[in-house]
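> Fold the following for me, if possible:
(chains A and B)
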Amino acid sequence: MGINLKVKIGKLQLNNPVMVASGTFGYAEEFKDFIDLKKLGAIVTKTITLKPRMGNPPPRTCETPAGLLNSIGLENPGIDKFIQEKLPFLRKIGVPLIVSIASEGDSEEFVSLARRLDKIPEVSAIELNISCPNIKSNQKPETSNQSYKLISQDPNSTYEVVKAVRGVTKKALITKLSPNVTDITEIAQAAEAAGTDAVALINTLMGMSIEVKAGRPKIAMGTAGLSGPAIRPVAVRMVWEVYKKVKIPIIGMGGIMDTSSALEFFIAGSSAIAVGTANFINPRTTIEIISGLEKYLARNKIKDIKELIGSLKI
Amino acid sequence: MPKIKSKVKSQKSKVISNRNIKDNYFEIIIEAPEIAKSAQPGQFVNIKVSDGIEPLLRRPLSIHRISYQPPAISRQQRIKNSIVLLYEAVGKGTEILSQRRPGEFLDVIGPSGNGFNIDRRPLTVDYRPILIAGGMGTAPLVFLAEKLREVKSKKAPAKAGSRQILSNGREKGKMLVLIGARTRKDILCEEEFKNLGCEVKISTDDGSRGFKGYVSDLLAKELSAFSYQPSAIYACGPKLLLKEISRISCERNIPAQLSLESHMACGIGVCMGCVIKVKSKNAKGKTDDKYSRVCKEGPVFVANQILWE
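Below you'll find the predicted structure:
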């Protein structure tokens, strides 16, 4: 029997619901020796900013129990070099290309980036990274005594940025949310109200690890973003909460290592999933999950992956 | 460093042996014909030491030796086309690795990174490289010494008694290897280097053997006694040691290649986690600082390119 893995994210049609998480796949070229890139549901680039960013000082990563802390600081060549040097390879792959963007300042930068990308036909969608915990400039000064906040930690800021970008592009728009909030559903709803086509969750959880002997943090910047299987239960819970509150599709991610962990996200309400940290460990994870999903559906006589989405029995 | 265009492979590779050579030091031999065929000294492999999520990440280990034999010979041999890795069981990952038994399979990615740029000029007494090993940094230098010797001996010098005379009439020189270790128990590969015809000098932090102090101090001492300029320095070891070697080599204008150790998350150039700061020229020809990936542009860097923090 024919198994249907096709899903839609806004106007974006994916052949299968398996994508990669921004920042864990570079600009795809590094993976061409390991997998057939054409088999992916979509490719999400490492986040691009208007100007090149050097990134944070090392050490930038450290391993934790079933997890990984990182504070890369959005090192990227900037949009000009991205278009010149990275896009030529990406545009030839032939799967939907999602470009992740972030701002070093205000929503103006998101708008400028989106305008540039809007003109490139091979860019299928734009992902708004309003949730990177590792750059100061991605944060907005608070009016109160609190010093800094991520855009995605505030529903009003989220609404403003999404609305502003929505105004300049007809491409599918994905908003990536931070788990470092009291109630993620408020933020998801703000993004939905502002016109995002989908929400992607979760970005990394803020964490810290200490080198006991030296009494210093293991990451140069002190705090960092935690990813990997350690955060999966948090991510699944958040997907389920958001699923109950929004009508737009959810791209679920957070510690997906294999087919079984991917299935958790579909059942909780994700229309698509993204593999992140697992790409570092097994570069073939995405491909293995795609065939794993097919086998699972066939074995359980499910014709369409969409039957699974939000099928949680509770 | 020159871009080595060998395709990086991911494969299940069989453990042939995993031997405790002394204390916490182990030598593992893994059957990996594709890697063995193309690996260059200074390159590394990235190993998943267990199937589960603890530890989560792969462990990068530099290639200690290869035993690559052409297929015609290997058909009769059980041990064939393998890579040899030397490691110290010091953390969760290497401890698990030390427990893996022959016949088991490991997921190995490699050969990764850019290795040493090998000087192809023949050795003479007043023209020879120095290899400097600090701690586990000894591992890749054995592979390098083998390769250097192989390259040199292809330009076969004529034998004259016990001394080898090169075609240019000069006496063949020996590679000088300086091995630095914490104590005399931690000295690695002394015999291997000697068997390769190298002159070996030792330093220990506690003075239990050889020169007392760091191997960079031993280098400074050796250089001041030299009547000639060494052709090149190749070094591998902890960052602080390499920083000091870099300072010495830049001061004396000796070209030095340093193989860096770094924590890596992916080892394939995507996570941007393992970076070091280097000098680079921008489009306008101006020098710009930037971060460079140890796993991709490295692990071997030219000393005067690195901006030490």
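
> Which residue, other than its chain neighbours, is closest to residue 17?
You didn't pick a chain, so chain A it is. Nearest non-adjacent residue to A:P17, counting by Cβ to Cβ, 6 or more residues apart in numbering or on different chains: A:A272, 3.9 Å away. In short, each C-beta sits where N, CA and C put it, glycine included.

> meant chain B actually
Closest to B:S17 by Cβ to Cβ, 6+ apart is B:I29, at 4.8 Å.

> my guess is that neighbour is in a strand, correct?
Yes: using DSSP: H, G, I helix; E, B strand; the rest coil, the assignment for B:I29 is a strand.

> how many other residues sit next to it?
Around B:I29 there are 20 other residues, counting by other Cβ atoms under 10 Å in any protein chain shown.

> try B:D217
Look at B:D217: counted by other Cβ under 10 Å, it has 15 neighbours.

> Helix or strand with the lowest mean pLDDT in the chain?
Defaulting to chain A. Across the helices and strands of chain A, the lowest-confidence element by mean pLDDT, DSSP states H and E is strand A:139-141, at a mean of 44.

> that's the wrong chain, I meant chain B
strand B:158-160 (a mean of 44).

> Can you show me the helices along the stretch 151-300 of chain A?
Taking DSSP state H, counting those that start in this stretch, the helices of the stretch 151-300 of chain A run over residues A:155-166, A:184-193, A:232-245, A:259-268, A:278-281, A:285-299.

> Go through these and pick out the most buried.
Most buried of those by mean neighbour count (mean count of other Cβ atoms under 10 Å in any protein chain shown) is helix A:278-281; its value is a mean of 26.

> Please name the nearest non-neighbouring residue to B:R209.
B:R184 is the one closest to B:R209 (Cβ to Cβ, 6+ apart), at 3.8 Å.

> If you could redo that for A:N70, that was the one I meant.
Nearest to A:N70 is A:T61, by Cβ to Cβ, 6+ apart, at 4.8 Å.

> One more: A:K247?
The shortest distance from A:K247 to any non-neighbouring residue, by Cβ to Cβ, 6+ apart, is to A:E192 (7.2 Å).

> okay, how far is it across stretch A:305-314, tip to tip?
End-to-end span of stretch A:305-314 (Cα to Cα, to the nearest Å): 20 Å.

> which outside residues touch it?
Stretch A:305-314 has contacts (Cβ atoms under 8 Å, 6 or more residues apart in numbering or on different chains) with A:3-7, A:16-17, A:240, A:243, A:263, A:266-271, A:293, A:297, A:302.

> Can you name the residues that contact the residue nearest to A:K247?
Per Cβ under 8 Å, 6+ apart, neighbours of A:E192: A:V199, A:V246, A:K247, A:I248.

> from memory the last one sits against A:A194, does it?
The reference is to A:I248. No: using Cβ atoms under 8 Å, A:I248 is not in contact with A:A194; the gap is 11.0 Å.

> What count of nearby residues applies to B:K37?
13.

> do the same with A:P52
So A:P52, with other Cβ under 10 Å, has 18 neighbours.

> burial measure for the residue lying closest to it once chain neighbours are set aside, as a count.
The spatially closest residue to A:P52, leaving aside those adjacent along the chain, is A:G78, at 3.8 Å (Cβ to Cβ, 6+ apart). As a burial measure, A:G78 scores 15 neighbours (other Cβ under 10 Å).

> which SS class is the spatially most central residue of chain B?
What sits nearest the mean C-alpha location of chain B, by Cα atoms, centre = their mean, is B:P140, with 2.3 Å. Recorded secondary structure, B:P140: helix (three-state DSSP).

> Tell me the pLDDT of B:V8.
B:V8 carries a pLDDT value of 70.

> Please apply the same query to B:D217.
Value for B:D217, per-residue pLDDT: 94.

> Identify the residues contacting it.
Contact partners of B:D217, counting by Cβ under 8 Å, 6+ apart, are B:S203, B:F211.

> The one 3 residues further on too?
Shown in contact with B:A220 (Cβ under 8 Å, 6+ apart): B:I248.

> Tell me the buried residues in the helix or strand hosting it?
B:A220 is part of helix B:215-225, with elements assigned from DSSP states H and E. Neighbour-count burial for helix B:215-225, counted by 16 or more other Cβ atoms under 10 Å in any protein chain shown, picks out B:V215, B:S216, B:L218, B:L219, B:A220, B:E222, B:L223.

> go on, stretch B:11-20?
B:S13, B:V15, B:I16, B:N18.

> Go through the helices of the stretch 151-300 of chain A and name the closest to A:K119.
helix A:155-166 (14.4 Å; Cβ to Cβ).

> these two touch, right, A:G26 and B:C295?
No: assessed by Cβ under 8 Å, A:G26 is found out of contact with B:C295, at 11.8 Å.

> what residues are shared contacts of the two?
B:G269.

> So for those two, which residue has more residues nearby?
Neighbour totals were compared for A:G26 and B:C295, and B:C295 leads with 26 against 20 (other Cβ under 10 Å).

> Who are the packing partners of the longest strand along chain A?
Ordering each strand of chain A by length in residues (DSSP state E) puts strand A:123-129 first. Here strand A:123-129 touches strand A:97-101, helix A:107-118, helix A:155-166, strand A:172-176, going by 3 or more Cβ pairs under 8 Å, 6 or more residues apart in numbering or on different chains; DSSP states H and E.

> So for chain B, which of the ones you listed sits nearest?
strand A:97-101 (13.7 Å; Cβ to the nearest Cβ).

> so how far is the closest one from its chain's centroid?
Offset of strand A:97-101 from its chain centre (Cα atoms, centre = their mean, to the nearest Å): 10 Å.

> ok, which stretches of the stretch 1-150 of chain B are strands?
Assigned by DSSP state E, counting those that start in this stretch, the stretch 1-150 of chain B shows strands spanning B:9-22, B:25-31, B:44-48, B:59-62, B:65-67, B:82-88, B:105-112, B:129-134.

> what sits up against the fourth one?
By Cβ under 8 Å, 6+ apart, the surrounding residues in contact with strand B:59-62 are B:42-47, B:49, B:85, B:87, B:93-94, B:97, B:112, B:139-140, B:236, B:259, B:264, B:267, B:295, B:299.

> and chain A, which of the residues you listed reach it?
For chain A, the contacts drawn from the contacts of strand B:59-62 by Cβ under 8 Å from any Cβ of the partner chain are B:M264, B:G267.

> how close does B:N24 sit to chain A?
For B:N24, the distance to chain A (Cβ to the nearest Cβ, to the nearest Å) stands at 19 Å.

> quick one, what contacts that residue?
Shown in contact with B:N24 (Cβ under 8 Å, 6+ apart): B:E88, B:A89, B:V90, B:S98.

> Apply 7 Å and report the result again.
Counting by Cβ atoms under 7 Å, 6 or more residues apart in numbering or on different chains, B:N24 touches B:E88, B:A89, B:V90.

> and if you look at B:A32?
B:A32 neighbours (Cβ under 7 Å, 6+ apart): B:Q11, B:S13, B:S82, B:I83, B:V108.

> repeat that with 6 Å
If you count contacts by Cβ atoms under 6 Å, 6 or more residues apart in numbering or on different chains, B:A32 has them with B:S13, B:I83, B:V108.

> Put together JSON lines for the residues you listed, with distance to chain A on each row.
Output for the contacts of B:A32, formatted as JSON lines (distance: Cβ to the nearest Cβ, whole Å):
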{"residue": "B:S13", "distance to chain A": "15"}
{"residue": "B:I83", "distance to chain A": "18"}
{"residue": "B:V108", "distance to chain A": "12"}
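
> what about B:V294, neighbour count?
B:V294 has 26 neighbouring residues, counting by other Cβ under 10 Å.

> likewise the one 3 residues further on?
Counted with other Cβ under 10 Å, the burial measure for B:E297 works out to 20 neighbours.

> Just the buried residues from the contacts of B:N24, in PyMOL please.
Buried members of the contacts of B:N24, defined by 16+ other Cβ under 10 Å, are picked up in PyMOL with:
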select buried, chain B and resi 88+89
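
> could I get the contacts of B:N24 as CSV with distance to chain A and pLDDT?
CSV is the format used below for the contacts of B:N24 (distance: Cβ to the nearest Cβ, whole Å; pLDDT from 0 to 100):
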residue, distance to chain A, pLDDT
B:E88, 18, 96
B:A89, 17, 96
B:V90, 14, 93
